[in-house]
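>>> Take this sequence and fold it.
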Amino acid sequence: VILLLNRLRMAMSVPRAPGFASMMKDGARHLSGLDEAVYRNIEACKELAKTTRTAFGPNGMNKIVINHIEKLFVTSDTATILNELEVQHPAAKLLVLASQQQERECGDGTNLVIIFAGALLEQAEELLRMGLSPTEVIEGYELALGKALEYMEELKVGKAENLRDVEKTKAALKTSVSSKQFGYEDFLAGIIAKACIDTVPETKLAFNVDNVRVSKIMGASLLNSEVVKGMVLKREAETTRTRVQNAKVVVYSCPIELLNTETKGTVLITNAEELKSFSKGEENQIEAKIKEIVDTGAEVVITGGKVHDLALHYLNLYNIMVVRVPSKFDLRRLARVTRATTLTQLVQPTPEELGFINEAYLSEIGETNCVVMKQVQDDARLATIVIRGATDTYMDDIERAIDDGVNTYKALTRDPNLVVGGGACEIDMAIKLQKYTDTCPGMEQYAMKKFAEALEVIPKALAENTGVKAQEVLSQLYAAHQAGSVSTGVDIESEVANVTDVQSAGILDSFYVKYWALRYATKAACTVLQVDQIIMAKPAGGPKAPAGGGDRDDD
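Numbers count the residues shown, from 1 in each chain. Coordinates of the predicted model:
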C-alpha cells in the first residue's frame, strides 16, 4: 500500500500558479501594471537620458566607450555611443531606435531626441503617480507637440541663403560643428562648406552626402587639414605612370591575372625548348589580355584584386596607370563617379562599360603617398576632406564632427529655414505653450504643461555642462523672453550664469533637424507609455562556449 501511494504522488504533477504565467513555459518572465512595467520602463529611459545628457552641447563631456571587440572610442557623439553600447532593455531600446531614425533622417540631433524623450517620461511619471492614466498623458503630449511645432514655425529667423557661397554656408554649419569640436568650429565649418559646395552641380542644388569623403592621414595638426577636389586613396600607383588627364577608365573587381584551372594538372617537361614554349604561352596569354584593354583606349585600370607581376610588366610596357583599391565600397564609389561598369572577369570592356576620369595623379600629403582621382562632371563631383591629427581616436572624432556638418548641409538643401539656438527656441515654445494650456479644458492640459516643462531640459543641459547654475540661467531666460527678447539664449562662454543674444552671435539651428527631433522624441516617449506589459519568453538554450575559448578535446 505504501509503495502504491508513493507511485501515486510521483505521478501527480505540481499545479502551476494561476494567471498569465500558467500559459507560458518555465523560465518565461511576465511584468505588468504601473509598478512593474511602466515605472520600470521610465526609469530605464531616464538612466539612458542621464548618460547622454552630459555629452550635450559645445561644453559636453566625452565618453570612453569600449565595444564588444575591445575597440576604444573617445567621443561625445551620441549616435556612436548608443551604437557601441548595445542597449538591451526593451524600453530604452525604443529611444535608441528613435535616435537612429533621427540620424538617418537628418544626420544630427540624436542627443536632443534622447534627452527630450527622457524629460517627457520623467514628467509623465509625476502625472501617473498623481492618478492620470497613460492614455490621457499621451493625448496631452500629442496635442502639445502639434502646438509646439506651430510656435516653432513662428520662430524662424531666416534662411540659409545661397548655399553655394562658402561664407554664408559656413555660418549656417557652425552651430552643428561646435557641438562636437568647440574651438575649431570656424575652421571645420569652412572646410566642410567648401567640400560640400565643390560637389554640388551648377545646374541644380542636388547634394549627395556620399560625394564628400574623408581621408585620415596621421601627422601635423588639425589646422593642416584641407579639401582636395576628387577622391584621395592612401595608396601608390602600381605602375610607373603616375598622371593621366581626360582618360578612359576600366574597373575590375577581380585580380589582373590568368584564371587558374579548376583541377590540378601535371605537365611533364623533358627539355629546355618545352620549358621555354610553356612559359611563353602564359606570357602570350597575359599580353593578349592586356592588349585587349589597350585597344579600347583605356589609360587607367582600377582593380580590386592583386596585379600579377607579368601583367604589371605589360601594363608598364603599354604605359597604363594601374590603381589597386582593396575596399569594395571605394571600388563601387569610383565606378559610380567615373560611370564605369565593374567587371568581374578579366575581359575586354565594351565602349559602354568604360568610364571617364578628368584627372588622376600621384600626390604626397605629409609623408604619405596618395592617388587623387579628380572628377568635375556636374552630377559626379567628388571632394575629399583630408584630416590631419596626432592620434587615430582624435581623427575619428573629427570625422564624426565633419559627418554632422555634411548632414546639416544636406538638411539645409531640403529646408533652408533656421531657428535661434542656445535654448532660446525651446524657452519661447515653453512660454507660449504654458499660456495656451490655461485655455484648454480636460485632463490633457496637465500633460501639456508637463510638455512645456520638459522643453526646459535643453537650456538646462547647456547651462549644467557649461558649469553654471541651471536655475539662475532659466530664470534669466524666462525674464528676457517675457520682455519680448525671443533671441535670448544660454551664454556658453560665460563663467557665471548669463544669457546672450544668440542671433547676433550666429548661434542658429536647422529648423528641419529640430522639427524631426521633437517629433521622434515625443513619439518614442508615447510608445514607451503605451506599454503596460512586458512578456519575455524563455531564452534559447544550448551548450555554452568554453570560458577560456580553448578546444574541448584538451580535457
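
>>> Help me confirm that G219 comes into contact with I365.
No: under the criterion of Cβ atoms under 8 Å, G219 makes no contact with I365, lying 9.0 Å away. In short, each C-beta sits where N, CA and C put it, glycine included.

>>> so where's the protein uncertain?
Confidence mapping of the chain against pLDDT under 70 gives the ranges 1, 3-33, 259-263, 378-380, 540-555.

>>> returning to what we had before: who's more crowded, G219 and I365?
I365 (19 against 12; other Cβ atoms under 10 Å).

>>> hey, what's the more buried one bridged with?
Beta bridges link I365 to T368, judged by DSSP bridges.

>>> Can you give me the distance of it to V214?
Between I365 and V214 the computed distance is 13 Å (Cβ to Cβ, to the nearest Å).

>>> Also Q530?
40 Å.

>>> Comparing these two, which shows the higher neighbour count?
Per other Cβ under 10 Å, whichever of Q530 and V214 has more neighbours is V214, with 19 against 11.

>>> quick one: the more buried one and I385 touch, right?
Yes: taking contacts as Cβ under 8 Å, V214 lies within contact range of I385: 5.2 Å.

>>> so what sits against both of the two?
Common neighbours of V214 and I385 (criterion: Cβ atoms under 8 Å, 6 or more residues apart in numbering): I402.

>>> Neighbours of D295, how many?
D295: 10 neighbours (other Cβ under 10 Å).

>>> List the contacts of it.
By Cβ under 8 Å, 6+ apart, D295 lies in contact with Q348.

>>> Check P349 too.
250, 293, 296, 298, 341, 343.

>>> now L474
Going by Cβ under 8 Å, 6+ apart, L474 touches 427, 456, 459-460, 463.

>>> run the last query once more with 10 Å
Listed by Cβ atoms under 10 Å, 6 or more residues apart in numbering, the contact set of L474 reads 423, 427, 430, 456, 459-460, 463, 490, 497, 499.

>>> cool, and N465?
Contacts of N465 (Cβ under 10 Å, 6+ apart): 53-61, 76, 490, 492.

>>> quick one: which of the residues you listed is most hemmed in?
V490 (32 neighbours).

>>> Nearest spatial neighbour of I302, chain-adjacent residues omitted?
Nearest-residue entry for I302: V251, 4.7 Å, with adjacent residues in sequence omitted and distances by Cβ to Cβ, 6 or more residues apart in numbering.

>>> Can you give me the neighbour number for the one you found?
V251 sits with 26 neighbouring residues when counted by other Cβ under 10 Å.

>>> what's the answer for I387, then?
By the other Cβ under 10 Å criterion, the neighbourhood of I387 contains 24 residues.

>>> That one belongs to a strand?
Yes: judged by DSSP: H, G, I helix; E, B strand; the rest coil, I387 forms part of a strand.

>>> Does it touch K234 like I think?
No: counting by Cβ atoms under 10 Å, I387 stays clear of K234, with 11.9 Å between them.

>>> Which residues are in contact with each of the two?
Shared contacts of I387 and K234 (Cβ under 10 Å, 6+ apart): 215-217.

>>> Dump those residues into a markdown table; add neighbour count, distance to D186 and secondary structure as well.
Shown next, in a markdown table, are the shared contacts of I387 and K234 (neighbours: other Cβ atoms under 10 Å; distance: Cβ to Cβ, whole Å; DSSP: H, G, I helix; E, B strand; the rest coil):
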| residue | neighbour count | distance to D186 | secondary structure |
| --- | --- | --- | --- |
| S215 | 20 | 22 | strand |
| K216 | 17 | 21 | strand |
| I217 | 19 | 22 | strand |
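
>>> What distance do you get for D165 to S510?
17 Å.

>>> More neighbours: which of these two?
Neighbours per residue, other Cβ under 10 Å: of D165 and S510, the larger number sits with S510, 30 against 13.

>>> Which member of the contacts of P349 is positioned nearest K46?
Comparing these against K46 with Cβ to Cβ places T341 closest, at 53.2 Å.
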